[in-house]
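>>> I need the structure of the sequence given here:
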Amino acid sequence: MAAEYNADREDLFTSEGLKYLRGLKLDPVDRWLVQRLLRELKLYRDELKAVDRQLAAFARTAPAAEARQRKLLDSIPAVGPVTRETFLAEVAGPERFGSQKKLTSYVGLAPGQRESAGKPPRPGHHAQRLADSALGAAPGRLATGAAARRPGD
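Here you go, the predicted structure:
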């Protein structure tokens, strides 16, 4: 909407950007639409906060081993709550894998061709979903609790 008024900004959805948007001179219909969209944005942000609170409450009731895994995942740069919980839900404990190689292969982070009987994996495969979570080298670190290895180590 702001772009139609040549008034789009990179920071539009920050506090300052939203203040700017509220003060922007718009046609009455466009103002009504913007106000409705801003109410919807607030609703989604409030829902996201509620989900985050529920997720944190769930995590507090975890067994000790799972709590340690959460703490380790939290120590990895760029791994946030969504990636952490996705990883834990998909892997169900990295200790069940015999090696870093097996874990990284399971989650789809090991290089190589993944196929069975000459067929590529089906869409939505668990490894692809987790690979999309961009965990990087973290799974190897989780499997042993040791520092993640760099290529060539």
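
>>> just how off-centre is the host helix or strand of R68 within its chain?
Element membership for R68, per DSSP states H and E: helix 64-74. Computed by Cα atoms, centre = their mean, to the nearest Å, the separation of helix 64-74 from the middle of its chain amounts to 17 Å.

>>> The next helix or strand after it vs helix 64-74, what angle?
Downstream of helix 64-74, the first helix or strand assigned by DSSP H and E is helix 81-91. Per axes from the mean of the first three to the mean of the last three Cα atoms, to 10 degrees, the angle that helix 81-91 makes with helix 64-74 is 130 degrees.

>>> pLDDT on helix 81-91, on average?
Across helix 81-91, the average pLDDT comes to 84.

>>> For that helix, which residues meet the burial criterion?
Neighbour counts over helix 81-91 (16 or more other Cβ atoms under 10 Å) mark 83-85, 87-88, 91 as buried. C-beta here means a position set from N, CA and C on the backbone, and glycine is covered the same way.

>>> same question, stretch 66-74
By neighbour count with 16+ other Cβ under 10 Å, stretch 66-74 contains the buried residues 69-70, 72-73.

>>> Domain boundaries for this structure, per the record?
For the chain, automatic domain parsing gives the domain ranges 3-57, 63-144.

>>> Let me know which of those is tucked in deepest.
Mean neighbours per residue, mean count of other Cβ atoms under 10 Å, is largest over these for domain 63-144, with a mean of 15.

>>> angle of the helix or strand F58 falls within against helix 81-91?
Assigned by DSSP H and E, F58 falls within helix 28-60. Helix 28-60 runs at 50 degrees relative to helix 81-91, counting by the same axes, to 10 degrees.
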